[in-house]
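>>> Here's a sequence, model it:
(chains A and B)
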Amino acid sequence: EAQVTQNPRYLITVTGKKLTVTCSQNMNHEYMSWYRQDPGLGLRQIYYSMNVEVTDKGDVPEGYKVSRKEKRNFPLILESPSPNQTSLYFCASSFSGRRLETQYFGPGTRLLVL
Amino acid sequence: EDQVTQSPEALRLQEGESSSLNCSYTVSGLRGLFWYRQDPGKGPEFLFTLYSAGEEKEKERLKATLTKKESFLHITAPKPEDSATYLCAVQHGSSNTGKLIFGQGTTLQVKP
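Numbering: from 1, shown residues only, chains lettered A, B, ... in the order given. Below you'll find the model as predicted:
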């Protein structure tokens, strides 16, 4: 089954404790992206990757890191989480980033930073 | 500033009562406009892609249209199962970027 998986689905952590949210897709997609969704602010793009070893900032990259060493994986790293990073995070993938056709979203990771 | 605005924020319809959702955009270099459906607690689900003014796409009770400044999602004779949040997103910029801006969404409730 074609899908985007994220782990963990729920996470409670404390300020400053480094964490990684994994994202994996099984569709051989070139393009992957991370978003956060907050009430009243909608979905905002954090980082995206056009292909392996190619990443770029979205609209809200501060406090986040990403890497794309393999085509299928695109982890999101919070080196020193803060309470304002409490949010619902979505990973997504698409065949190509040049013309974003169907973009598949993962189920989401709900993060609470205390 | 690049911006995507959806209206209304919320919409309540009776089953069978047709209506339209609006997505207006101001971006440099539109490369595609996308509509998604999002159910509570789930990731967005792709509905349509529109690339140029005048283009239309249809799927069951939904029809998406695009002009140079806005897009409409027309819902004909909606059913309760059409209740969801509908998101509009715009891809913009040069061909080497995958930047995407989302609107804040319209939450649709269809009552039986």
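
>>> Using PDB, write out every CA atom in stretch A:106-114.
Output of stretch A:106-114 as PDB, limited to C-alpha atoms (Å, rounded to 0.1, in the frame of the first residue of the first chain):
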ATOM      1  CA  GLY A 106       1.300  11.200   6.600                       C
ATOM      2  CA  PRO A 107      -1.100  10.800   9.500                       C
ATOM      3  CA  GLY A 108       0.500  13.500  11.600                       C
ATOM      4  CA  THR A 109       2.600  13.700  14.800                       C
ATOM      5  CA  ARG A 110       1.200  15.600  17.700                       C
ATOM      6  CA  LEU A 111       4.000  17.200  19.700                       C
ATOM      7  CA  LEU A 112       3.700  18.800  23.100                       C
ATOM      8  CA  VAL A 113       6.700  20.600  24.500                       C
ATOM      9  CA  LEU A 114       6.500  21.400  28.200                       C
END
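
>>> Not counting it itself, show me its contacts.
By C-beta atoms under 8 Å, 6 or more residues apart in numbering or on different chains, the residues outside stretch A:106-114 that reach it are A:3-15, A:19, A:21, A:23, A:37, A:81-92, B:41-43. Every residue, glycine included, has its C-beta placed from N, CA and C.

>>> Kindly report the same for stretch A:34-46.
A:23, A:33, A:47-48, A:58-61, A:64, A:66, A:74, A:76, A:85, A:87-92, A:108, B:44, B:87, B:89, B:99-105.

>>> measure that stretch end to end?
Using C-alpha to C-alpha, to the nearest Å, the end-to-end distance of stretch A:34-46 comes out at 5 Å.

>>> Return the set of buried residues in that stretch.
Using 16 or more other C-beta atoms under 10 Å in any protein chain shown as the test for burial, stretch A:34-46 gives A:34, A:35, A:36, A:37, A:42, A:43, A:44, A:45, A:46.

>>> In strands only, show me the contacts of stretch A:34-46.
Those of these mapping onto strands are A:23, A:33, A:47-48, A:66, A:76, A:87-92, B:87, B:89, B:100-102, per DSSP state E.

>>> Buried among those residues? Need that as a selection in ChimeraX.
Command for ChimeraX that selects the buried part of the ones in strands among the contacts of stretch A:34-46, burial taken from 16+ other C-beta under 10 Å:
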select /A:23,33,47,48,66,76,87,88,89,90,91,92 /B:87,89,100,101,102
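
>>> Which residue, other than its chain neighbours, is closest to the residue most central in space within chain A?
The centre of chain A sits closest to residue A:34, judged by C-alpha atoms, centre = their mean, with a distance of 2.9 Å. Nearest non-adjacent residue to residue A:34, counting by C-beta to C-beta, 6 or more residues apart in numbering or on different chains: residue A:46, 4.3 Å away.

>>> do the same with residue B:30
residue B:92 (5.9 Å).

>>> sorry, back to before: dump the buried residues of stretch A:34-46 into TSV; add pLDDT as well.
Formatted as TSV, these follow (pLDDT from 0 to 100):
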residue	pLDDT
A:34	98
A:35	97
A:36	97
A:37	96
A:42	88
A:43	94
A:44	95
A:45	94
A:46	97
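
>>> With only the CA atoms kept, save stretch A:8-25 in CSV.
Extracted C-alpha coordinates of stretch A:8-25, given in CSV (Å, rounded to 0.1, in the frame of the first residue of the first chain):
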residue,chain,number,x,y,z
PRO,A,8,6.0,8.8,16.7
ARG,A,9,2.4,9.8,16.4
TYR,A,10,2.3,11.5,19.7
LEU,A,11,5.1,12.9,21.8
ILE,A,12,5.4,14.8,25.0
THR,A,13,8.8,16.2,25.8
VAL,A,14,10.5,19.0,27.8
THR,A,15,12.2,22.1,26.7
GLY,A,16,15.7,21.6,25.3
LYS,A,17,15.6,17.8,24.9
LYS,A,18,16.5,17.0,21.3
LEU,A,19,14.1,14.9,19.4
THR,A,20,13.6,13.5,15.9
VAL,A,21,10.4,12.8,14.1
THR,A,22,10.8,10.2,11.3
CYS,A,23,9.1,10.3,8.0
SER,A,24,9.2,7.5,5.4
GLN,A,25,7.5,7.0,2.0
